[in-house]
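Q: What follows is a predicted protein model with its sequence.
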Amino acid sequence: MAEKKKFGTFAGVFTPSILTILGVIMYMRLGWVVGNAGLIGAIGIIIIAHVIAVSTGLSVSSVATDKKIGAGGIYYVLSRSMGIPIGGSIGIALYVGTAFSIALYLIGFSESFNSYFGLGMLVNDFRLTGTIALVALTALALISTSVALKAQFFILAAIIVSLISIFFGTTEFAPQSVSLFSTIDAVPLEVVFAVFFPAVTGFTAGIAMSGDLKDPKQSIPIGTLAAIGVGLVVYILLAVFMAYAINSDLLKTDYNILMKMALFAPAVVAGIWGATLSSALGGILGGPRILQAMSIDKVTPKICGKGKGANDEPVNALFMVFIIAEAGILIGELDVIARVVSMFYLTAYGFINISYFLESWANPDFQPSFKIKRWIGLLGFIACFVVMFKLDMIAMLAAMGIISALYLGLQRKEVQLQSNDVWRSVWENVVNKGLKKIDDKDNENTNWNPNIILFSGKSDHQSYLLELGKTVSGRTGMVTNFKLILDKHNDIPLRKTEQTVRDQNFKELGIFARQIKVDNIYTGITNIASTFGFSGVEPNTIMMGWPKGLENSIKYAKMTETLLHLDYNLLYLDFDRKAKFGDYQTVDLWWRETDSKNAEMMLNIARFIIASPKWNNTNIRVLFVNNNNVDIDLIQRKIAKLVEDLRVNVQIKIINNAVEQKPFYDIIAEESATTDLTLVGIPNYKIEKQAEFVLKTNHLFETIGSTLLVKAANNFNELDLDLLENDKSIISQSSHTHSK
């Protein structure tokens, strides 16, 4: 296989590229472009098209000097940088564009050939001539790639001679005054641009031969940029010459005017035929190599990846190119084919440019030997899609839809490569910058954005705790579930790769999952709470199941004391295994005078709960026990104000308890016996009173359904629930909801 990479920069990249650039559009349509757009308009179109070509050529060249380039050219570059789904979808677009461009060149050849020999000039005549030419070129490609490439040197010489003949041609067609701008009766500039744009797409012909180059990293940048540069100079010079040498009416109507005004017409004929046929041949050689590379990567059917001979010639892929090119020839109209080709290439070029931009911005391993400014890729990307929008918005949306469908299909196929995917680098870069921004700001004055450490344990009802954890974290909150593996000796910890849990349930809920070994569950929880997290996204809430039967556990008491000292929000769920969360219809929030911080946290939790699809028809009640015979209207107004400021729609119920003085938990048992989820605040108590509190709470849980106990950290505001002092403000700092 060592013989395979045998072509240098000139033969392998520059020549096929320049022959495609100086092709059918230059000979058959550049005069039409100048005639319709005027000299200034034509130069503007040439420059805009070359902005896209130059930026794309620079982007490809830079990416090509960073990685080893294999067969498949641009597809190979994209798939190894942006991953198979993007690389494959753009590769298919580029492949179809290349195949259709063959039809473009051969229909252009047919127009000239039939005109020169006085053959039929109808669409069917062009189709017949184009098909015969396609068969002949395909046969040449099958015989030998080397012979086909060597033939290009003679064609290049013919183009040079034809250009000299044109520049020294007759002046009998010269206009009295040069038309600088488009006239009223001219074709719209958008259409003119769409027809012209395929002229600058030729540089991909050389890149497509990447698998047959001796040194792709050197040849692709030099050959590509040289071809684009030479093409730009020739097009501008020729456009200026045509504007001054040929009447604009002739330019608009006579596609063969260059032959008529040239010094030696046969030289122009040879140039046109050579350029069109060589451009078509470049597509016939390059297109199959793109398809072959995609088939080897399992993007397209495997049968198209099989090659023959010592050079692994892509024979099967060549026949697929033949079929698509023939379909284009059957369209028969050069201008229509040109517009189709433009859309495919513009879409592909846009993604090539953004690929380079993302690589250079996000990938720390991106170190090309050919360096360019990062903004060049972004400029090329924007230019492509602005031009597509101006040309044909419907066609642009269709192209984007096709690319998206291909992307989703390949993503579903889960084709994998042993290569880096730039999207990982992009997300890492975004996260890194985001964390720095968050860490720079003081979090004392921000709304509560839950970052929950969840200890769900392994039980039959674990899924409900996970579900509620995700619900109370809201849309933007984070939940990390820890599975604690009890190992009394705990001599050998789990490897870092083993600590990450990949489980479909966690993935569907959007919960991060970890597992670690611990020698004691409560010591393990304390250690995780003390160390887990990093700047910008520090955890602020601990959530776990309610610990029944641990009222006398010293280690549990110690753990609780530490969590309170660390100033976490604490959430304990007592899950009713029979009732579960009922019909997700009712939520009760229980308040008392000493629950000022817990009250605000409950309202925040309530906001997140009602935003969840399962709870979106929930009726929320705030229940307040009036132990001091305070005026009910005053209590109602105060609580309504609190609820209004925090934008939670609730029903308020005041329970007078001044006379009976029933225990708080007894009232909860009476009022919330059938509630689907009850939220109760954990009061401040001395740690030595924990056993008593746990026992009383266990007794409550026997009479009501699923309950979430809430203990707010110090960063929550103190809501004014002390209703004995009427001169206090209705809410302390009510205009803010500062929280942890």
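A: Received it, and whenever you're ready, just let me know what you need.

Q: Might you list the low-confidence residue ranges for the stretch 351-500 of the chain?
A: 364-365, 414-428, 435, 438-447, 490 (pLDDT under 70).

Q: Tell me which stretches of it form helices.
A: Counting by DSSP state H, counting those that start in this stretch, one finds helices in the stretch 351-500 of the chain at the ranges 374-391, 393-413, 422-440, 462-472, 496-499.

Q: same question, the stretch 551-700 of the chain
A: 554-565, 596-611, 632-645, 664-671, 690-701.

Q: So which residues make contact with the fourth one?
A: The set of residues external to helix 664-671 that reach it, using CB atoms under 8 Å, 6 or more residues apart in numbering, is 588, 590, 592, 623, 625, 653, 655, 657, 678, 680, 696-697, 699-700, 703-704. Placement of C-beta: from N, CA and C, glycine included.

Q: about what we covered before: and among the helices of the stretch 551-700 of the chain, the most buried is which?
A: helix 596-611 (a mean of 23; mean count of other CB atoms under 10 Å).

Q: Tell me which other helices or strands that one touches.
A: Applying 3 or more CB pairs under 8 Å, 6 or more residues apart in numbering; DSSP states H and E, one finds that helix 596-611 contacts helix 462-472, strand 586-591, strand 619-626, helix 632-645, strand 677-681, strand 707-711.

Q: Compare these and give me the one nearest residue 263.
A: With CB to CB as the criterion, residue 263 lies closest to helix 462-472 of the helices and strands packed on helix 596-611, at 78.9 Å.

Q: got the buried residues for that closest one?
A: By neighbour count on 16 or more other CB atoms under 10 Å, the buried set for helix 462-472 is 462, 464-472.

Q: Redo those residues as TSV? Include distance to residue 612.
A: TSV is the format used below for those (distance: CB to CB, whole Å):
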residue	distance to residue 612
462	18
464	13
465	15
466	13
467	9
468	9
469	12
470	8
471	5
472	9
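
Q: can you pull the alpha-carbon coordinates of stretch 617-627 into PDB?
A: Output of stretch 617-627 as PDB, limited to C-alpha atoms (Å, rounded to 0.1, in the frame of the first residue of the first chain):
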ATOM      1  CA  ASN A 617     -52.200  20.700  38.600                       C
ATOM      2  CA  THR A 618     -51.400  20.600  42.300                       C
ATOM      3  CA  ASN A 619     -53.300  22.500  44.900                       C
ATOM      4  CA  ILE A 620     -50.900  24.000  47.400                       C
ATOM      5  CA  ARG A 621     -52.000  25.100  50.900                       C
ATOM      6  CA  VAL A 622     -50.100  27.200  53.500                       C
ATOM      7  CA  LEU A 623     -51.300  26.200  56.900                       C
ATOM      8  CA  PHE A 624     -50.500  28.400  59.900                       C
ATOM      9  CA  VAL A 625     -51.200  27.500  63.500                       C
ATOM     10  CA  ASN A 626     -52.400  30.600  65.400                       C
ATOM     11  CA  ASN A 627     -51.300  29.900  69.000                       C
END
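
Q: just to revisit the earlier point, list buried members of the contacts of helix 664-671 by neighbour count.
A: Of the contacts of helix 664-671, these count as buried by 16+ other CB under 10 Å: 588, 590, 592, 623, 625, 655, 657, 678, 680, 697, 700, 704.

Q: Could you dump those residues into CSV and include distance to residue 264 and pLDDT?
A: Output for those, formatted as CSV (distance: CB to CB, whole Å; pLDDT from 0 to 100):
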residue, distance to residue 264, pLDDT
588, 97, 94
590, 100, 93
592, 103, 81
623, 100, 91
625, 106, 87
655, 107, 89
657, 111, 83
678, 97, 94
680, 99, 93
697, 103, 88
700, 105, 89
704, 101, 91
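
Q: Need the nearest residue in space to residue 235, chain neighbours excluded.
A: Among residues not flanking residue 235 along the chain, residue 46 sits closest, at 5.0 Å (CB to CB, 6 or more residues apart in numbering).

Q: circling back: same list, the helices and strands packed on helix 596-611, but as a markdown table with distance to residue 717 please.
A: Listed next are those as a markdown table, based on distance: least, CB to CB, whole Å:
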| stretch | distance to residue 717 |
| --- | --- |
| helix 462-472 | 19 |
| strand 586-591 | 14 |
| strand 619-626 | 16 |
| helix 632-645 | 10 |
| strand 677-681 | 14 |
| strand 707-711 | 15 |
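
Q: just curious, which of the buried ones among the contacts of helix 664-671 is nearest to residue 391?
A: Nearest member of those to residue 391, counting by CB to CB, is residue 588, at 60.9 Å.

Q: Sketch out the strands for the protein, chain order is fine.
A: Assigned by DSSP state E, the chain shows strands spanning 451-455, 478-486, 512-518, 541-545, 569-574, 586-591, 619-626, 651-656, 677-681, 707-711.

Q: Grab the CA positions of stretch 379-395 and hand them over as CSV.
A: The C-alpha coordinates for stretch 379-395 follow below in CSV (Å, rounded to 0.1, in the frame of the first residue of the first chain):
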residue,chain,number,x,y,z
LEU,A,379,-16.5,35.0,9.4
GLY,A,380,-16.7,32.1,6.8
PHE,A,381,-19.5,30.4,8.7
ILE,A,382,-21.6,33.6,8.9
ALA,A,383,-20.9,34.6,5.3
CYS,A,384,-22.1,31.1,4.1
PHE,A,385,-25.4,31.3,5.9
VAL,A,386,-26.1,35.0,5.1
VAL,A,387,-25.5,34.2,1.4
MET,A,388,-27.7,31.1,1.6
PHE,A,389,-30.5,33.2,3.2
LYS,A,390,-30.2,35.8,0.5
LEU,A,391,-30.1,33.3,-2.3
ASP,A,392,-33.1,31.2,-1.3
MET,A,393,-34.4,31.0,2.2
ILE,A,394,-36.6,27.9,1.4
ALA,A,395,-33.7,26.1,-0.1
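
Q: How many residues are close by residue 191?
A: For residue 191, the neighbour count with other CB atoms under 10 Å is 16.

Q: which residues touch it?
A: 335, 339.

Q: how far away is it from residue 339?
A: Distance of residue 191 to residue 339, given as CB to CB, to the nearest Å: 8 Å.

Q: picking that back up, which of the helices of the stretch 351-500 of the chain is buried the deepest?
A: Most buried of the helices of the stretch 351-500 of the chain by mean neighbour count (mean count of other CB under 10 Å) is helix 462-472; its value is a mean of 21.

Q: and for that one, what are the contacting residues?
A: Against helix 462-472 from outside (CB under 8 Å, 6+ apart): 450, 452, 454, 456-457, 479, 481, 505-506, 509-511, 543, 545, 571, 573, 575, 580-581, 605, 608-609, 612, 614-615, 677, 706, 708.

Q: what about burial for those, which qualify?
A: Applying 16+ other CB under 10 Å to those flags 450, 452, 454, 456, 479, 481, 506, 509, 511, 543, 545, 571, 573, 575, 581, 605, 608-609, 612, 615, 677, 706, 708 as buried.

Q: What about the residue in the chain sticking out farthest from the centre? Give its phi and psi, please.
A: Distance from the C-alpha centroid of the chain peaks at residue 659, with 64.8 Å (CA atoms, centre = their mean). The phi/psi pair for residue 659 (degrees, to the nearest 10) reads phi -90, psi -50.

Q: Can you report how many residues neighbour the nearest residue to it once chain neighbours are set aside?
A: Nearest non-adjacent residue to residue 659, counting by CB to CB, 6+ apart: residue 629, 8.0 Å away. Other residues near residue 629 number 10, with proximity taken as other CB under 10 Å.
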